Every structure is written in structure tokens, then in C-alpha cells.
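In: got a predicted model here, sequence first, then my questions.
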Amino acid sequence: MRIQWLDNLRAIGIFFVVLGHTPGLPEPFEKIIFSFHMPLFFWLSGLMCKDKIKQISFRAFIKNKAYKLLVPYLFFSIISYVSWFVLFRHFGSQAKLNLSPITPLIGIIYGNGIHHLLAHNTVLWFFLCLFATEIFFFFIIRLESKTRILAALILLSAIGYIDVWLNPPLPDRFRLPWNIDIALTAVVFYGAGYLLSPYLLKNRLNFIVNLGFGICYLFFSLINSKVALVAGVYGNFFYFYSAAFSGILFWKAVAEYLSTLFNMKLDINTGQTFRVRLGKAFAKKLARPCRFIETLMLKTGENTLTIFVFHLLVFPLLTAVQVYIFKIPASVKHDSIVFSFIYTVVSIIMLLPVSSLLQRYLPWSVGRFKTAR
């Protein structure tokens, strides 16, 4: 049984991932988005982590994760590379890079999301980073005591930060393959999700606490430099973790409040709800948009993987429509937050049927194997 607020939270997260990759956002918006959106997805993965992995062998664990992460990574890498080689490398910013076709091929093997190694589709770094993160946590969870697990996560947060501080993401610096160095930080969020899951899956925090998280999230996001988890750019250690965790918990609360709103089950004809009674005319006006938003968020939350992978490939297509059909200069999107929101919503809606087709005809491409247990 799916948990509605989790689907809402996934939808919120992927919305901000797509929005964050549009070019028209002011810097404060970018700071607010990038401070939490990728930590959120590692946290959500940890939230769903089950204690049963303590009982399975490392070989069985790796096989399971290979089905769920490495096979989709390879599938999407091939599609992305072919699209880039045939089409996208000849236009826009990709054409200016003038990369050798060999560079992304090396990037697919190395799996690192910086220095244009994944120029064909940068977001693919997440698959390998999550794979490394889950391997780390496979061993951490065997510490048994949650106090020991917490201590290990605190230690890794320091090690991960020191690593990128001593070895910043510069062109002449060595980075570990498959984002192993970034996984030292990602596993902190993954582990926190696991530790908090017994409480947060069953309980809600009160409004004042959630408001406090929202204030902390905005404050620490804005005073920190812009975060780029993929590149190991965290800014201030305390600001980074404060903004990420408070942002995660704040948007979790928003997802829960939306779930409550959707569950009011407004009846379009009578204007009544099981929990509240509103004026009939007002209820009718509220019911339809609520149902539309609920359905869109549910579908988005169920299909985050495909949206995450393909949204950067959709952007050039939308730009072509903007320029050649609507005769709007491409430069407009760099100066308009309105265009950023339009690109985001349209991209998500376009990719929902693509995700449905993949799940129906190529389920293995999105990590769904009958043998993966």
C-alpha cells in the first residue's frame, strides 16, 4: 500500500530537481532548491530501507542493487549517449563545449558527474552514487546499535566533508569513480532516513516545529553558498547539513498537509466533505483543482525515476518549440522565472506517459525485475 504523503514528497522533490535545472532562476531560488533536493532523495531511499538486509548475504544484496540501479543506469546511459551523439551535441551549450565523443563514453564507465564526463546526461551520476551509498550502509546497518549507527554517520559526515575540502572539484584534481567520495556524504542522509523511519512513517510533527524547520531551512540555505552535491560543493559544513535536514523535514510537512487536503474528499456535486462542510459553491470550485493536483502529484510521485533521467533531454525539445513554433527568442528563458516553471510542469507532464510505457513494456529498464529480491 502506497503512502500518499511519500508520493507527494517525491513529487515535490522531482519538481524542484527539474526546476533547479532550468536557466531562468535567480540565485536565491537556486540556493533554496539545491540545499535540499538531492539530499532528499537519499533520505527517502534510507526511509524505505528495511532491517531484513541484515539477514541477506553481500552477494545477494549486490545482485539486487545491480538489477535496480546498474541495469537502469546502463540502459539510460545508452539512450542518452545516442541522443547526445546524434542530436544534442550539435546545438546550444553542448556545441560550444565541442567535446570528443569519447569523453562521455569514458564518463559512462567512470560514472562521475563533473568535468563534462556525463555531458550526455549529467543526472545519471545519481544511480552510481546511490549504489555506492547503499553498499556503505549495508555494512553500517550491521553495527546493530542505533547509537553506533548514528556515531558512524557523524564520523562519515566529517570524513566526506574533509575529503571534498582537501580535494575540491577542480579539473586537475582526482575524483573517485562512481561518486564514492560523494557517497560518504550521501550515506549520512540515507542513514538518517533509516533511523527516523520508525517515527516519521507513523507520526507527524506539530505545526510550530514544522514552521521552525521552514525558517531554519530558508535561513541556512540563503547564508550558505550554492550547494552542488554532484560536485562535492557543500559550502559551510554546519549550514549545509542544517539547511538540508530542515528542508527535508519542512517539505515532508508540506507533503503531509497536502495529503490531508486531498483526503478531505470533496464531492463535486454536493459540495460536502466527510470531515468539513463548506459552502456548496466554494466547495465545487475547490474540488476540481484539488483532484487535478492530487492526481498529478500522485502520478509524478510514482514516476520520479523516468522524470529524473529524461528531463534534461526534454529541455532542448521545448526550446525548439519555443523558438521555431512560437517565435520566442531562446534568450527569454534565461531571464524569466515564469518560463522556468512552464518548462518544469510541461516536462513532467510530457514524461508521465513515457514512464508508463517503460513500466509496461520494459520494466527492467526502471529496475523492476521479478528475480530481484
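Out: Sure thing, it's come through. Numbers count the residues shown, from 1 in each chain.
In: which elements pack onto the helix or strand hosting Tyr217?
Out: Using DSSP states H and E, Tyr217 maps to helix 207-223. On a contact count with 3 or more C-beta pairs under 8 Å, 6 or more residues apart in numbering; DSSP states H and E, helix 207-223 meets helix 27-34, helix 237-262. Every residue, glycine included, has its C-beta placed from N, CA and C.
In: give the buried residues for the last one.
Out: Neighbour-count burial for helix 237-262 flags 239-253, 255-256, 258-259, 262 (criterion: 16 or more other C-beta atoms under 10 Å).
In: so in this protein, where's the weakest helix or strand by average pLDDT?
Out: Counting by mean pLDDT, DSSP states H and E, the weakest-scoring helix or strand in the chain turns out to be helix 280-302, with a mean of 79.
In: ok, then the element right after it?
Out: Trace forward from helix 280-302 with DSSP H and E and the next one is helix 304-320.
In: quick check, distance from the helix or strand that comes right after that following helix to the centre of its chain.
Out: Next in sequence after helix 304-320, counting helices and strands by DSSP H and E, comes helix 337-361. On the basis of C-alpha atoms, centre = their mean, to the nearest Å, the separation between the geometric centre of helix 337-361 and that of its chain is 15 Å.
In: next, the angle from helix 337-361 to helix 27-34.
Out: Angular relation of helix 337-361 and helix 27-34 on a 0 to 180 degree scale: 20 degrees, by axes from the mean of the first three to the mean of the last three C-alpha atoms, to 10 degrees.
In: same for helix 337-361, what does it pack against?
Out: Using 3+ C-beta pairs under 8 Å, 6+ apart, helix 337-361 is in contact with helix 4-20, helix 280-302, helix 304-320.
In: which residues does the first one contact?
Out: By C-beta atoms under 8 Å, 6 or more residues apart in numbering, the residues outside helix 4-20 that reach it are 25, 30, 33-34, 36-38, 40-41, 44, 47, 123, 251-252, 254-256, 258-259, 262-263, 296-298, 300-302, 304, 307-308, 311, 340-341, 343-344, 347-348.
In: which non-adjacent residue is nearest Leu305?
Out: Taking C-beta to C-beta, 6 or more residues apart in numbering, and ignoring the residues beside it in sequence, Leu305 has Val366 as its nearest neighbour in space, at 5.5 Å.
In: can you tell me which residues contact that neighbour?
Out: Under the criterion of C-beta under 8 Å, 6+ apart, the contact list for Val366 reads Pro72, Leu305, Thr306, Ser355, Leu358, Gln359.
In: low-confidence ranges in the protein?
Out: Per-residue confidence of the chain (counting by pLDDT under 70) places the weak regions at 1, 170-172, 264-287, 370-373.
In: 80 instead?
Out: Confidence mapping of the chain against pLDDT under 80 gives the ranges 1-2, 92, 144, 168-174, 262-290, 369-373.
In: how many neighbours does Asp51 have?
Out: The tally of other residues near Asp51 (other C-beta atoms under 10 Å) stands at 9.
In: now do Asn224
Out: That count, for Asn224 with other C-beta under 10 Å as the rule, works out to 21.
In: quick one, phi psi at it?
Out: In this entry, Asn224 is assigned phi and psi values of phi -80, psi 160 (degrees, to the nearest 10).
In: next helix or strand past whatever helix or strand Thr147 lives in?
Out: Secondary structure assigned from DSSP H and E places Thr147 in helix 146-166. Going down the chain from helix 146-166, the next helix or strand is helix 180-200, by DSSP H and E.
In: and that following helix with helix 4-20, angle?
Out: 150 degrees.
In: report the buried residues of helix 180-200.
Out: For helix 180-200, the neighbour count (16+ other C-beta under 10 Å) marks 180-197, 200 as buried.
In: same check on stretch 356-371?
Out: For stretch 356-371, a neighbour-count test (16+ other C-beta under 10 Å) marks Leu358, Gln359, Trp364, Ser365, Val366, Gly367 as buried.
In: just name the closest of those to Phe292, please.
Out: Within these, distances to Phe292 taken as C-beta to C-beta reach their minimum at Gln359, with 22.2 Å.
In: what distance do you get for the closest residue to that closest one other than its chain neighbours to Val354?
Out: If the residues on either side of it in the chain are set aside, Gln359 comes closest to Val366, at 6.0 Å by C-beta to C-beta, 6+ apart. Plainly put, Val366 is 11 Å away from Val354 if you go by C-beta to C-beta, to the nearest Å.
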